[in-house]
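S.K.: I'd like to go over a predicted model; first the sequence, then the structure.
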Amino acid sequence: LAASMFLSPRRSAFTPLSPLTAACLLLAAASCSSRPNPPATGSAPSSTTTTSVPRAVRISQGSDVLSMDPDAQSESPTFSVLRNLFDPLTDLDAENQLVPCLAERWEPESPTRWLFHLRPGVRFHDGQPFTADDAVFSILRALRDPRSRMQSEIQTIAGAEAITSLTLRVATVAPDSILPLRLAMILMLNKESAQAGLAREGDGYLAAHANGAGPYRLELWRKDERCVLRANEDYWGGAPRVQRLEFLPVSNEATRMAALERGDVDILVNVPTRSVARVGRDPRYRLVERPGLRLIYLGLDCGREKSPGILEPADRNPLKDPRVRRAIALAIDQRLIADKIMDGHAQGADQLLPEGVTGHDPSIQPLRPDADQARKLLAEAGYPGGFSIRLDGPNDRYVNDEKILQAVAQQLARVGLGVTVNSQPKARFFAD
């Protein structure tokens, strides 16, 4: 299943399940353009004309920010908040097209070297100017810090250097035509304040402090309670029209819906799928629904001779056999999950990248579920009676995540696999 967060954008083998359409509610009286994408000209971004722009907007997400360190986490609820505090060199617009941000333009110098020309006049929240030294520091920290969760985003980078205060050179280990796209995920830190804070307090400093160059400043963060941002009046793209953003983490769907109906929140991210039709008919709300980029997949541990997730047989790893992996894919009925678990707000995924994203191959067709063929493949691989496996996943991170885990387990059981579902809070799941 694939899904996207309204406010934004590992294991060794992948079995996609299906692309989810993210649903989000906007109270009729509350309309905002809190993070417009900067235009290529460098002029102040225009905002959608509305009859009323609130000074404050309260946003309910399913979970809290995990860290204020841009490199510490790559999950969407965290990135949705941090993207308001920090800016990258490049950005993606509402149609997922690459646009300039802190880099005004870029061009390849050679097959393995790129030049990025940085936007002048940009300042961090503490007033320091943004320079190529900050960009080099940010890129290399994301790439080389052993605790970074962003390494996979820019793994083709070999190095970076400042040519002038506003000119950056990035070298890659091999030709990489989508390097500018990769850099949209790397948020820019202020080198001086980051190094001073790290030297003084260690990694905990960046986890709790945010000195970015984004349109909002961090005002307050009370873990698992609220995160409050205030408008950066000196933002290079123009001061935001909404003065205050308040992110409220509430994992329970019923509680989040009740808060919306009481008027305690203005925006609800990822409306419970069973509530979409009801609230769509309610004139008090505006329902925003778009195809998502979130892919819900099975990460198969097929790289090791023995896997801790294989409960029986303990002496070998069935997932190393491609016939077993194909049998698992054939056992899963994506349409059934999309219709019954996601209430029709999802579609089957035939590959890792959805339509409209660089790398999508329209010639790839989705597998049709075939339980008989799945059993045949398992028998050919030497497992006519199946085997026992543990299915790990979060229970408070994605739309209907635990229900999807249970549905997949039931479908795999029908072809002979013994599946033990191990659902966990996201903090524990991602830590493991």
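M.R.: Cool, the structure landed.
S.K.: quick one: the helices in the stretch 251-400 of the chain?
M.R.: With DSSP state H, counting those that start in this stretch as the criterion, the stretch 251-400 of the chain has helices at 253-262, 276-280, 322-331, 334-336, 371-380.
S.K.: For the second one, what is the distance to the chain centroid?
M.R.: Going back to what we said before, that points to helix 276-280. Between the centre of helix 276-280 and the centre of its chain there are 25 Å (Cα atoms, centre = their mean, to the nearest Å).
S.K.: buried set for that helix?
M.R.: 276, 279 (16 or more other Cβ atoms under 10 Å). In short, each C-beta sits where N, CA and C put it, glycine included.
S.K.: The first one too?
M.R.: Neighbour-count burial for helix 253-262 flags 253, 256-257, 259-260 (criterion: 16+ other Cβ under 10 Å).
S.K.: same thing with stretch 406-419?
M.R.: By neighbour count on 16+ other Cβ under 10 Å, the buried set for stretch 406-419 is 406-409, 411-412, 415-417, 419.
S.K.: to the chain's geometric centre, what's the distance from that stretch?
M.R.: 28 Å.
S.K.: Equivalent analysis for stretch 85-105, please.
M.R.: The answer for stretch 85-105 is 16 Å, by Cα atoms, centre = their mean.
S.K.: Stretch 271-283 too?
M.R.: 24 Å.
S.K.: Also stretch 82-95?
M.R.: So, by Cα atoms, centre = their mean, the centroid of stretch 82-95 is 12 Å from its chain's centroid.
S.K.: Output it as PDB, restricted to C-alpha atoms.
M.R.: Extracted in PDB, the C-alpha atoms of stretch 82-95 (Å, rounded to 0.1, in the frame of the first residue of the first chain):
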ATOM      1  CA  LEU A  82      11.100  19.800  10.200                       C
ATOM      2  CA  ARG A  83      10.400  20.900   6.600                       C
ATOM      3  CA  ASN A  84       8.800  24.000   8.100                       C
ATOM      4  CA  LEU A  85      11.900  24.800  10.100                       C
ATOM      5  CA  PHE A  86      14.600  23.900   7.600                       C
ATOM      6  CA  ASP A  87      15.000  24.300   3.900                       C
ATOM      7  CA  PRO A  88      16.900  22.000   1.400                       C
ATOM      8  CA  LEU A  89      18.900  23.000  -1.600                       C
ATOM      9  CA  THR A  90      16.200  21.700  -4.000                       C
ATOM     10  CA  ASP A  91      12.500  21.100  -3.400                       C
ATOM     11  CA  LEU A  92       9.500  19.300  -4.900                       C
ATOM     12  CA  ASP A  93       6.400  21.300  -5.700                       C
ATOM     13  CA  ALA A  94       2.800  20.100  -5.300                       C
ATOM     14  CA  GLU A  95       3.000  18.100  -8.500                       C
END
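S.K.: What are the buried residues along that stretch?
M.R.: 82-92.
S.K.: What mean pLDDT does it get?
M.R.: On average, the pLDDT along stretch 82-95 is 94.
S.K.: do the same with stretch 290-305
M.R.: Mean predicted lDDT for stretch 290-305 stands at 88.
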